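Asks: Give me a model of this one.
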Amino acid sequence: MLSADLPARKAGLKPGTPVAKARALFPDLTVMDADPDGDSEGLESLAVWFQQRVAPIVAVDSSSSSGQADGLVLETTGADHLHGGEAAMLDATVRRLAESGFTAKAAIADTWGAAHALARYGRGRVIVVPEGGIADALADLPIEALRLPSSITEELWTLGISRIGKLETMPRGPLTLRFGPELERRLDQAYGRMAEPIQAARPVNPVSAMHNFAEPIAAAETIARYIGKLVPVLCEGLEARGDGVRQLDLLLHRLDSAVQAIRVATARPVLDAKHLTRLLYKKIETIDPGFGIERIELVAALAEPMEARQRVSALIAEEEADISGLIDTLANRVGSDALYRFAAVESDLPERSVRRVPALAPDDGNSWPVQWPRPTRLLGRPEPVRAMAELPDQPPVYFIWRGVRHCVKCADGPERVFGEWWKGDAELTIARDYFRVEDTAGERFWLFREGDGEHGETGSQGWFLHGIFG
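Replies: Numbering: from 1, shown residues only. Presented below is the predicted three-dimensional model:
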């Protein structure tokens, strides 16, 4: 058996168990033929997908003791800020895979070996190890997490060594003499004492530019000078295809086989070499050259066809200001998820009538109702208030919100909103009556009564505050 699902593992089966033995123990066992080639192709495609959307350096992880490719390894340094931080990036990645039908776990650590171990043997769907916390994170994990051959792990278990923390404290000489250099190598890789380079996957035929140095470089000024030389070359290659950059990766190959990566993203396809160069310059301070950089490479990780933009004659109308450069600068500083605008959604319920879209997303034509004004500030969720109305179909005379009493001076409404029956049976009968009210202090609020004021099945008949007018 190459693999076993969770019920099979709980029953005592594990990879390596002969199929004949497994079927003898469990006659109703479901056995499926393995497709290593198909699995490998699927992981390669997934690696390229991750490289275009998550991090510059992504590879298929086939470092398990069985040699079977069973995951992906990503170098996220320099890219996690584009996704709201490490934890947010992992959570979004696992959630996106779950929506596609894949069950996944993810871990971030200072080393490939530690992340590999925690993603497969750690507790939790998403695990983020703080810098310098590898020793504590690995201490209680089983020795199988070290990617050792099964012959070594079985012998270690025989000796009573089952946890990585205990193995790490033992003298190295006797261990190396008995088990060979593989045990020490995997320990050093997991704890960060030995580098472990990642051979990144690449999209099919990407546009790139590269320069090899006769002598290693380390100065920021030298890196900046060669960035300025390579970006125009990359743009020429993209222009020949009619494409523009959406994600640009700067890969710096160090003498110790490690790769430093910087990713910048743009809101729309870009071919402006000066603009792309400025975005990369702002990231140079994050580079750790180590003992020196021997090769520098620029890769258009994601490219899209350039938009055809026609210049408008100044005699006819003013040309629309292009703020894409500002958007790119801000997004690469604070993260693309933190930069957005609101767009209308076709929905009668106010809390469903708005969504976040990228700052430069095209207008889809939807708009909010114009016959009834909408507040400048819509609360995240309606807040209950205490209110009194003289008649069911009239606005409140006063309401108390967050402990403050507001006497209503004038009001407009009601605007009746019904539930969206196609979303569920619970919304077949619900109704809301919205009122725009102004209190004696001149402040204006958007209130609604949950229900039609007469029939209990339409709502609780309670009052809620949903928005504030500027």
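
Asks: C-alpha from now on. contacts and neighbour counts both.
Replies: Will do.

Asks: How confident was the prediction at the residue nearest in space to the middle of the chain?
Replies: Central residue check for the chain by CA atoms, centre = their mean: the C-alpha nearest the mean position is that of Met89, 3.4 Å away. pLDDT, Met89: 87.

Asks: And the contacts of the helix or strand harbouring it?
Replies: Using DSSP states H and E, the element containing Met89 is helix 86-99. Helix 86-99 has contacts (CA atoms under 8 Å, 6 or more residues apart in numbering) with Val54, Asp80, His83, Thr103, Ala104, Lys105, Ala106, Ala107, Ile108, Val126, Ile127, Val128.

Asks: Give me the buried entries from these.
Replies: Buried members of the contacts of helix 86-99, counted by 16 or more other CA atoms under 10 Å: Val54, Asp80, His83, Ala104, Lys105, Ala106, Ala107, Ile108, Val126, Ile127, Val128.

Asks: List the contacts of the last one.
Replies: Under the criterion of CA under 8 Å, 6+ apart, the neighbours of Val128 are Glu86, Ala87, Ala107, Ile108, Ala109.

Asks: Tell me the one of these nearest His466?
Replies: Ala87 (31.7 Å; CA to CA).

Asks: separation between the closest one and Pro232?
Replies: Per CA to CA, to the nearest Å, Ala87 is found 35 Å from Pro232.

Asks: same check, this time on Leu146
Replies: Per CA to CA, Leu146 is found 44 Å from Pro232.

Asks: more crowded one of the two?
Replies: A direct count of neighbours by other CA atoms under 10 Å for Leu146 and Pro232 places Leu146 higher, at 24 against 18.

Asks: need the contact list for the more buried one.
Replies: Contact analysis of Leu146 by CA under 8 Å, 6+ apart lists Gly113, Ala117, Ile164, Arg186, Leu187, Ala190.

Asks: Narrow these to those that are buried.
Replies: When the contacts of Leu146 are checked for burial by 16+ other CA under 10 Å, the buried set is Gly113, Ala117, Ile164, Arg186, Leu187, Ala190.

Asks: Check whether the third one really touches Ala137, as I assumed.
Replies: No - between Ile164 and Ala137 no contact is recorded; they are 10.0 Å apart, counting by CA atoms under 8 Å.

Asks: pLDDT below threshold where in the stretch 351-470 of the chain?
Replies: Residue ranges of the stretch 351-470 of the chain with pLDDT under 70: 369-370.

Asks: ok so, going back, out of the contacts of Leu146, list just those in helices.
Replies: Judged by DSSP state H, those include Gly113, Ala117, Ile164, Arg186, Leu187, Ala190 as members of helices.

Asks: residues in contact with Ala79?
Replies: With contacts defined as CA under 8 Å, 6+ apart, Ala79 is in contact with Val54, Ala55, Pro56, Ile262, Arg263.

Asks: Phi first, then psi, for it.
Replies: Recorded main-chain torsions at Ala79 are phi -120, psi -20, according to degrees, to the nearest 10.

Asks: And Leu252, by the same measure?
Replies: The phi/psi pair for Leu252 (degrees, to the nearest 10) reads phi -120, psi 110.

Asks: Please apply the same query to Leu349.
Replies: phi -80, psi 120.

Asks: picking up where we left off before, can you put the buried ones among the contacts of helix 86-99 in CSV and add pLDDT?
Replies: Converted to CSV, the buried ones among the contacts of helix 86-99 look like this (pLDDT from 0 to 100):
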residue, pLDDT
Val54, 84
Asp80, 77
His83, 79
Ala104, 88
Lys105, 90
Ala106, 92
Ala107, 93
Ile108, 92
Val126, 90
Ile127, 92
Val128, 92
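
Asks: and of the residues you listed, the nearest to Pro382?
Replies: In terms of CA to CA, no member of the buried ones among the contacts of helix 86-99 lies closer to Pro382 than His83, at 29.2 Å.

Asks: Same list, the buried ones among the contacts of Leu146, but as CSV with distance to Asp39 please.
Replies: Formatted as CSV, those follow (distance: CA to CA, whole Å):
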residue, distance to Asp39
Gly113, 22
Ala117, 21
Ile164, 30
Arg186, 26
Leu187, 29
Ala190, 26
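
Asks: Please, where are all the helices along the protein?
Replies: Counting by DSSP H, the helices of the chain are 6-10, 19-25, 36-53, 86-99, 112-121, 134-138, 150-158, 164-168, 172-179, 181-191, 220-241, 273-281, 324-334.

Asks: Out of the ones you listed, flag the one nearest Met306.
Replies: helix 220-241 (8.8 Å).

Asks: tell me the mean pLDDT over the closest one?
Replies: The pLDDT scores in helix 220-241 average 94.
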